[in-house]
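In: Sequence plus predicted model, see below.
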Amino acid sequence: NVAARAGAAVTLWARDAALVAEVNERRSNAKRLPGAVIHERVAATTDLAAAIAADLVLVVVPAQALRAVAQAAAPLLPAGTPFVICAKGIERGTGRFLSDVVVEAAPNAVPAVLSGPSFAADIDKALPTAVTVAAGDEEVAQRIAQTLASPTFRLYHTTDVRGVEIGGATKNVLAIAAGIVAGRKLGASATAAITARGFAELSRFGAHFGAKPQTLMGLSGLGDLILSCSSLQSRNFALGHALGEGKGLDLLSGKGALAEGALTAEILVEKAKAAGVDMPIAEAVDAVLGGMIDVDQAIVQLMARPQKAE
Ligand SMILES: NC(=O)C1=CN([C@@H]2O[C@H](COP(=O)(O)OP(=O)(O)OC[C@H]3O[C@@H](n4cnc5c(N)ncnc54)[C@H](O)[C@@H]3O)[C@@H](O)[C@H]2O)C=CC1
Ligand SMILES: O=C(CO)COP(=O)(O)O
């Protein structure tokens, strides 16, 4: 809908023929975005080749599905087509950042990343926001920004692909921590404290992997972190909130809404440890999700850490 509002003719690929029919005939996707009206310039298809034959490809699948989709797209993709990653996560098993997954799985693609504070439901209602698009070549990033821009969707561009993808992947894990704090009713001061210390972790991790500070402090880092650490609209925050209220780990059964942070926490912590980057909040989230400690133990552990300089 964002691209169509900006004037593009959009081909939407889906695997499910019934969903394709729903989009084309009823202009809806009731399961994923109830109430949304699919723009008339969007045509759905089950034919991946038809969707890939485009000037720009937006890849909006969960992070853990990116490799499979990029591999399927690769033989169909004209060389040099921008392949815009909209997922937020780190690949489990390999520990690869998502742009590196695309480089490996679709070497003919030009990887780009679109990220920033943007709840799908808000964007669908044409509520205004601003996000960041990154590509290694500034001209490519600028072109993507121009293609997607509309009066309610403002894009900033950058060449800092790593910075943008790290912000999105990391904020999801930290949003679970903020959700736990809110669900446990620890107060607004604690929410602000965990968000700020979470940002310190995101910044340390990003800096180690070459992200630019201004990217981490921008829309795709701090901007998205603030959004996801402050709203029950965030599925990651909502998961943490439920855990904070005392609900059990069966929430992680995979049947609920996608919470990318739950899938990224372990590999994020593994990468941070291997790199010598201190990320106590992310570690606490991973330990709670893994059932190693409970929410109250996590809070006690975080508060009892040795005092240090800010
Ligand atoms: N929903 C939101 O507000 C935002 C979501 N994102 C990111 O976008 C990514 C996707 O999230 P949502 O669209 O919200 O999730 P969703 O769960 O609503 O939809 C994911 C879609 O991907 C499809 N899918 C799953 N595995 C697939 C595969 N192997 N091949 C093809 N299709 C597959 C599913 O059938 C589903 O239609 C996530 O990484 C999320 O962090 C980013 C910004 C905002
Ligand atoms: O990334 C998002 C908003 O920018 C969506 O957040 P959740 O995946 O936590 O719902």
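Out: Good, I have the coordinates. Ligands and ions are numbered 1, 2, ... in the order given.
In: Off-centre distance for the longest helix seen in the chain?
Out: Using DSSP state H to define each element, the chain has its longest helix at helix 161-183. Relative to the chain's own centre, helix 161-183 is displaced by 9 Å; criterion: Cα atoms, centre = their mean, to the nearest Å.
In: at contact distance from ligand 1, anything in that helix?
Out: No - Helix 161-183 stays clear of ligand 1 (Cβ under 6 Å from any ligand atom), getting no nearer than 6.5 Å. (C-beta placed from N, C-alpha, C; glycine too.)
In: Past that helix, which element shows up next along the chain?
Out: Downstream of helix 161-183, the next assigned helix or strand under DSSP states H and E is helix 188-208.
In: buried residues in stretch 82-100?
Out: Along stretch 82-100, the positions that meet the burial threshold by neighbour count (16 or more other Cβ atoms under 10 Å) are 82-91, 96-100.
In: rewinding a little: how many degrees apart are the longest helix of the chain and helix 188-208 in direction?
Out: When axes from the mean of the first three to the mean of the last three Cα atoms, to 10 degrees is applied, the directions of helix 161-183 and helix 188-208 differ by 160 degrees.
In: Quick check: mean pLDDT of helix 161-183?
Out: Averaging pLDDT along helix 161-183 gives 98.
In: just stretch 281-291 next, same as before
Out: Rounded mean pLDDT across stretch 281-291 is 97.
In: Let's see that stretch as PDB, backbone CA atoms only.
Out: Coordinates of each C-alpha in stretch 281-291 appear next as PDB, following Å, rounded to 0.1, in the frame of the first residue of the first chain:
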ATOM      1  CA  ILE A 281      19.600  -6.600  29.200                       C
ATOM      2  CA  ALA A 282      19.700  -8.700  26.000                       C
ATOM      3  CA  GLU A 283      21.300 -11.600  28.100                       C
ATOM      4  CA  ALA A 284      18.500 -11.300  30.700                       C
ATOM      5  CA  VAL A 285      15.800 -11.500  27.900                       C
ATOM      6  CA  ASP A 286      17.500 -14.500  26.400                       C
ATOM      7  CA  ALA A 287      17.800 -16.200  29.900                       C
ATOM      8  CA  VAL A 288      14.100 -15.500  30.600                       C
ATOM      9  CA  LEU A 289      13.000 -16.800  27.200                       C
ATOM     10  CA  GLY A 290      15.200 -19.900  27.600                       C
ATOM     11  CA  GLY A 291      13.600 -20.600  31.000                       C
END
